[in-house]
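J.: Test case, fold it:
(one chain, ligands or ions: 1)
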Amino acid sequence: MTYDELKYRQSWTLEQKIDHAAGVVSFFMGKVNGKVAASYSGGKDSTVMLDIIRRFVDKNVPAVFCNTGNEFPEILQFVRRTDNVTVIRPEMNIQQIIEKYGFPLISKEQSQYIRQAKHTNSGKLRNIRLNGSINGIGKIAERWKFLIQAPFDVSEKCCSFLKKKPFEKFQKKTGLYPVIGTMASESRLRFQKWLKHGCNSFETNMVASYPLSIWTEDDIWTYIRKFNLPYTPIYDTGIKRTGCMMCGFGCHIKGDRRFYFLKENKPKIYNHFMQMQNSGISYKEALQYCGIDFPDSINRQLQIKF
Ligand code: SF4
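T.: Coordinates of the predicted model:
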């Protein structure tokens, strides 16, 4: 696939995209003898994906939802009202993961690089993380290099324990392959994945369908309006993303209001998360150290004496 191909497909009409998404899932189901389960988060994207599957492909396709313990109450209520959903749970909770591996801050990619630079025994890997590989990729961005010396860890491991592993376990147990509602436009990693395998992947370790890859956020809302589709009311409070409530990936981006929203609307949950610790440092102190704008920040400088 190419960038131009993605742009071209993203310019299709909603009807073309619905046909395409249904076709992608049908093709995938044909290849895996119908053994699929929709990965369902209760958010708008997977709600649309599940509707397309059940409305246009096969109304009996099951869904699977992972209750990470980090979900908005409105999401849990909405999922409970959805038919034929199996709820799975991770083996570790978010508090244990943070204690052991570090806070999910900056981005999946950068937190992984920082964790590796800090803890790897390989001089070669550490050098790549600090200076980049031959073509300059794979290094920690200059602005985050100070986190190598931070008195706490940041890590990308949380997604693996809270999401990836529980879904893998479910797949192993049931033999059902996942249909996932992610879009290439959401992040660089997702775009790169799409470039590599397109909307269906049959690679040995990643047999999965991604029927919404070429969709945009506008398409999702247009679909919801077109079919008058019920969705979780959390979006009507102004929140843009419904993933894990306390995830810090992207919270440094200017204008991000997730922690303000949480403090205003779910103060008990906010306080609970802010007290979680890694190496004796609380989430609140880690955010402060990173200079992130959040409700309890002092003045976005390194105010905390470590
Ligand atoms: S989205 Fe964030 S908080 Fe949730 S599992 Fe992934 S890294 Fe952890």
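J.: Going by C-alpha atoms from here, please, whenever you check contacts or count neighbours.
T.: Noted.
J.: Return the residues of the stretch 51-200 of the chain in contact with the ligand.
T.: Residues of the stretch 51-200 of the chain that fall close to the ligand, judged by C-alpha under 6 Å from any ligand atom: 104, 156, 158-159, 162-163.
J.: where along the stretch 151-300 of the chain do the strands fall?
T.: 177-179, 200-203, 206-209, 248-249, 277-278, 281-282 (DSSP state E, counting those that start in this stretch).
J.: And the average pLDDT for the last one is what?
T.: Strand 281-282 shows an average pLDDT of 97 in the prediction.
J.: partners of it, with directions?
T.: strand 277-278 (antiparallel) (DSSP bridges).
J.: Just say which of the strands of the stretch 151-300 of the chain is most tucked in.
T.: Scoring those by mean neighbour count under mean count of other C-alpha atoms under 10 Å gives strand 177-179 as the most buried, with a mean of 25.
J.: Longest helix of this protein, counting residues only.
T.: helix 14-31 (DSSP state H).
J.: helices and strands around that helix, which ones?
T.: helix 44-52, strand 206-209, helix 217-226 (3 or more C-alpha pairs under 8 Å, 6 or more residues apart in numbering; DSSP states H and E).
J.: same thing but 10 Å
T.: Applying 3 or more C-alpha pairs under 10 Å, 6 or more residues apart in numbering; DSSP states H and E, one finds that helix 14-31 contacts helix 3-10, strand 36-39, helix 44-52, strand 177-179, strand 200-203, strand 206-209, helix 217-226.
J.: Just put the ones you listed in CSV and tack on mean pLDDT.
T.: Formatted as CSV, these follow (pLDDT from 0 to 100):
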stretch, mean pLDDT
helix 3-10, 92
strand 36-39, 98
helix 44-52, 98
strand 177-179, 97
strand 200-203, 93
strand 206-209, 94
helix 217-226, 97
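J.: mind putting the ones you listed in CSV, distance to Thr120 included?
T.: Output for the helices and strands packed on helix 14-31, formatted as CSV (distance: least, C-alpha to C-alpha, whole Å):
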stretch, distance to Thr120
helix 3-10, 34
strand 36-39, 33
helix 44-52, 36
strand 177-179, 32
strand 200-203, 28
strand 206-209, 26
helix 217-226, 38
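J.: so Asn121 sits in a strand?
T.: No - under DSSP: H, G, I helix; E, B strand; the rest coil, Asn121 sits outside any strand and is assigned coil.
J.: how about the helices in the chain?
T.: Counting by DSSP H, the helices of the chain are 3-10, 14-31, 44-52, 73-80, 94-101, 108-119, 123-131, 157-159, 165-174, 188-197, 217-226, 258-265, 267-274, 283-290.
J.: residues near His119, how many?
T.: 11 (other C-alpha atoms under 10 Å).
J.: how near is it to the ligand?
T.: Separation of His119 from the ligand (C-alpha to the nearest ligand atom, to the nearest Å): 19 Å.
J.: next one: Lys59
T.: 29 Å.
J.: pretty sure that residue is touching Ile53, no?
T.: Yes - Lys59 is within contact range of Ile53, at 7.0 Å (criterion: C-alpha atoms under 10 Å).
J.: neighbour count winner among these two?
T.: Ile53 (23 against 12).
J.: My read is that that one contacts Asn60, right?
T.: Yes - here Ile53 reaches Asn60: they are 9.0 Å apart, a contact under C-alpha under 10 Å.
J.: on that earlier part again, what residues does the longest helix of the chain touch?
T.: 9-12, 34-37, 49, 52-58, 177, 179, 199-202, 207-215, 218-220, 222-223, 226 (C-alpha atoms under 10 Å, 6 or more residues apart in numbering).
J.: what comes up buried for that helix?
T.: 14, 17-18, 20-26, 28-29 (16 or more other C-alpha atoms under 10 Å).
J.: Kindly report the same for stretch 50-63.
T.: Neighbour count says stretch 50-63 has 50-54, 56-58, 61-63 buried, by 16+ other C-alpha under 10 Å.
J.: Quickly check those residues for the two that are furthest apart.
T.: Phe56 and Ala63 (15.5 Å; C-alpha to C-alpha).
J.: show me the contacts for Met206.
T.: Counted by C-alpha under 10 Å, 6+ apart, Met206 has contacts 177-178, 197, 200.
J.: Pro166 now?
T.: 65-68, 88-91, 160, 172.
J.: how does it look with 6 Å?
T.: Pro90 (C-alpha atoms under 6 Å, 6 or more residues apart in numbering).
J.: count of residues packed around the closest residue to the ligand within the stretch 1-150 of the chain?
T.: The nearest approach of the stretch 1-150 of the chain to the ligand comes at Pro104, 5.0 Å away (C-alpha to the nearest ligand atom). Neighbours of Pro104 under the rule other C-alpha under 10 Å: 24.
J.: do the same with Glu217
T.: By the criterion of other C-alpha under 10 Å, Glu217 has 12 neighbours.
J.: Tell me the spacing between it and the ligand.
T.: 18 Å.
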